[in-house]
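**Student:** For reference, the sequence and a predicted model appear below.
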Amino acid sequence: MRWTKEQVKEHFKAVKFLERAAGEAFDYIRKNSRAGEYDVQQFILKQFKKYRIKTDHPPIVAFRENTQYVHYYPSQYSRKIKPESLIMIDLWGRLNKKGAPFADITLMGYYGKKIPAEVLKVFNVVKHARDKAVKYLKENLKKGKMPTGFAVDKVARDFIKKEGYGDNFLHGLGHSLGFTAPHGAGVRLSPKFKKPLRKLVGYTIEPGIYLKNKLGVRSEIDFYSDEKNRVVITTRVQKGILKI
């Protein structure tokens, strides 16, 4: 379903609160040297309540090797933060209002003195895959063409494969944003979906690389295309891993 002008505004408001909650979560980690993944997750949920953000599931908070899992949800017995820890925070939510669309973001952080070369390498591949997908969207829309979810996914997937991580990209590039859950019922950006994307519908772009027993990196942004064939990115575009 196409977003109305009011729903676009509601999405932007949700983005603002999600990004604020994510930033506060990283600050919480910085100030609590023994915080666990579960502690951070529960802190985010408290911030959601404060900002009146509704979600269908607690956010993903993963430290170190747990970032290798695409969908990791910590328990109260989860890992504690310690020096030299990679951090993934994936959170989604919407305004607590009927018909308000979701926003969905993933940010990467690092708690330590020096980010390892391998982590930086993987992040840069993910970042460039994300940016190439956005560029492809913009180029096609400028020509008046709406690409398929398959085609946009392929741009990012081919780049990740060329860089040697093809077997480590374990999910589709993105999904539409729903009203009752973050994943909408519309077209996905995935090898299996060959229908064109739609204007005034929100989508995510979230390439990821997951190295077994080592680490995972994902970068997730939201966007929609407007009636003037412009790609409107609604979220922060992470250019580097946040140093905690």
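**Tutor:** Received it, and whenever you're ready, just let me know what you need. Residues are numbered from 1 along each chain as shown.

**Student:** Okay, strands next: where are they in the protein?
**Tutor:** Assigned strands in the chain, in chain order: 53-54, 60-63, 85-95, 103-111, 203-205, 208-211, 215-218, 221-225, 231-233, 242-243 (criterion: DSSP state E).

**Student:** Could I get the ones you listed in TSV, plus columns for mean pLDDT?
**Tutor:** Listed next are the strands of the chain as TSV, based on pLDDT from 0 to 100:
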stretch	mean pLDDT
strand 53-54	98
strand 60-63	98
strand 85-95	98
strand 103-111	98
strand 203-205	98
strand 208-211	98
strand 215-218	98
strand 221-225	98
strand 231-233	98
strand 242-243	97
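
**Student:** Distance to Arg79 and mean neighbour count added to the ones you listed, as TSV?
**Tutor:** Quick note: C-beta positions are derived from backbone N, CA and C, even for glycine. As requested, the strands of the chain are exported to TSV (distance: least, C-beta to C-beta, whole Å; neighbours: other C-beta atoms under 10 Å):
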stretch	distance to Arg79	mean neighbour count
strand 53-54	25	20
strand 60-63	5	26
strand 85-95	8	25
strand 103-111	12	24
strand 203-205	26	26
strand 208-211	17	22
strand 215-218	13	24
strand 221-225	27	23
strand 231-233	32	15
strand 242-243	18	14
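
**Student:** Tyr77 is nearest to which of these?
**Tutor:** With C-beta to C-beta as the measure, strand 60-63 is the member of the strands of the chain nearest Tyr77 (13.2 Å).

**Student:** CA atoms of the closest one as PDB?
**Tutor:** Coordinates of each C-alpha in strand 60-63 appear next as PDB, following Å, rounded to 0.1, in the frame of the first residue of the first chain:
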ATOM      1  CA  ILE A  60      18.800  -7.500  18.200                       C
ATOM      2  CA  VAL A  61      21.800  -6.700  20.400                       C
ATOM      3  CA  ALA A  62      24.900  -8.800  19.700                       C
ATOM      4  CA  PHE A  63      28.500  -8.600  21.000                       C
END
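
**Student:** Give me the contacts around that strand.
**Tutor:** 25, 37-38, 40-41, 44, 69, 71-74, 78-81, 85-91, 106, 216 (C-beta atoms under 8 Å, 6 or more residues apart in numbering).

**Student:** Name the strands paired with it and say parallel or antiparallel.
**Tutor:** strand 85-95 (antiparallel) (DSSP bridges).

**Student:** for this protein, what spans make up the helices?
**Tutor:** Along the chain, the stretches classed as helices by DSSP state H are 5-31, 37-51, 117-142, 149-162.
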